[in-house]
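J.: using only what follows, build the 3D model:
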Amino acid sequence: MSKIQLPAIKPKRRPWNRGRLVGQKRPLLPKQVWAIRARLELAGNLCDLALFKLAIDGKLRGCDLVGPRVAELVVGDRVRERVSVIQSKTRRPVQFEVTENTRALISAWVNRPATTGCAFLFPSRFHARPHISTRQYARLVREWVTAIGLEPSGYGTHSLRRTKAAQIYRKTGNLRAVQLLLGHTKVDSTVRYLGVELEDALSIAESVDI
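T.: Alright, predicted model coming up:
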């Protein structure tokens, strides 16, 4: 008598994203940027404040933000107004501006006795790592947004990357400029990244009269 072959039953695996909010993370609003900055200033946390402000100005991915060397931003006793980095993901250069307030914070941070002589702008506390990790940066972002009452699942490191870019787009409608600032190779990537909808595109088109 032949045996009936029953289909193998595989144990169900818990979906990796169960209970998590996935998709693009929201950019911070200007009032939220101000709230985080104010909290860090009150706490006297110069390192986090410099990292936060550079994240907003730089519009960089986390992997590119955590690893800059001091020499890339500081020349002598002056912090550069514009900085160029090679993106880890694309291996292409991208430039960003460093605003006056951010320059003052970075200058104060690198001139502290504890950081004098460090090769990296944000050195790690662990000897095995030369600078803070992307995981540590993500944890800091989570702490920052939670501290001002935001739901941390809706925000992440890309929120800081998108914050200034989103404001530039809202004020100018110039996708090409935002594309260059984000280091995207295609404008389509910028459209998806900013979540530009048809209504936005039509509003831009209506403002142009040929």
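J.: pLDDT score assigned to residue 7?
T.: Listed pLDDT for residue 7 reads 57.
J.: got it, and residue 144?
T.: Looking at residue 144, the pLDDT reads 97.
J.: my guess is it contacts residue 55, does it?
T.: No. Assessed by CB atoms under 8 Å, residue 144 is found out of contact with residue 55, at 9.8 Å. Every C-beta, even on glycine, is put in place using the N, C-alpha and C of the backbone.
J.: quick one: buried residues of stretch 164-176?
T.: 164, 165, 166, 167, 168, 169, 173, 175 (16 or more other CB atoms under 10 Å).
J.: where is pLDDT lowest across the residues you listed?
T.: residue 173 (84).
J.: ok, it touching residue 207?
T.: Yes. Residue 173 is within contact range of residue 207, at 6.9 Å (criterion: CB under 8 Å).
J.: what residue is smack in the middle of this structure?
T.: residue 161 (3.3 Å; CA atoms, centre = their mean).
J.: so that residue: helix, strand or coil?
T.: Classification of residue 161 by DSSP: H, G, I helix; E, B strand; the rest coil places it in helix.
J.: ok, it - contacts?
T.: Residues near residue 161 by CB atoms under 8 Å, 6 or more residues apart in numbering: 55, 59, 60, 61, 62, 182.
J.: for this structure, what are the low-confidence residue spans?
T.: 1-23, 127-128, 197-205, 208-210 (pLDDT under 70).
J.: that one: helices as residue ranges?
T.: 30-43, 46-58, 62-65, 70-73, 100-110, 134-147, 157-172, 175-182, 187-194, 198-206 (DSSP state H).
J.: tell me what angle the longest one forms with helix 46-58.
T.: Angle between the axes of helix 157-172 and helix 46-58 is 50 degrees (criterion: axes from the mean of the first three to the mean of the last three CA atoms, to 10 degrees).
J.: my read: residue 84 touches residue 95, true?
T.: Yes. Contact criterion CB under 8 Å: residue 84 and residue 95 qualify, at 4.8 Å.
J.: so which of the helices of the chain is the most surrounded?
T.: helix 46-58 (a mean of 21; mean count of other CB atoms under 10 Å).
J.: from residue 156, how far off is the residue nearest to residue 189 when sequence neighbours are not counted?
T.: Nearest residue to residue 189 in three dimensions, chain neighbours excluded: residue 179, at 7.6 Å (CB to CB, 6 or more residues apart in numbering). Going from residue 179 to residue 156 by CB to CB, to the nearest Å gives 21 Å.
J.: over to residue 167?
T.: 18 Å.
J.: if I pick residue 191, what's in contact with it?
T.: Residue 191 neighbours (CB under 8 Å, 6+ apart): residue 175.
J.: state the distance from it to residue 178.
T.: Counting by CB to CB, the gap from residue 191 to residue 178 is 10 Å.
J.: same thing with residue 93?
T.: 17 Å.
J.: likewise residue 73?
T.: With CB to CB as the criterion, residue 73 and residue 178 are 23 Å apart.
J.: residue 156 too?
T.: 19 Å.
J.: which one of the contacts of residue 161 is nearest residue 116?
T.: In terms of CB to CB, no member of those lies closer to residue 116 than residue 55, at 23.2 Å.
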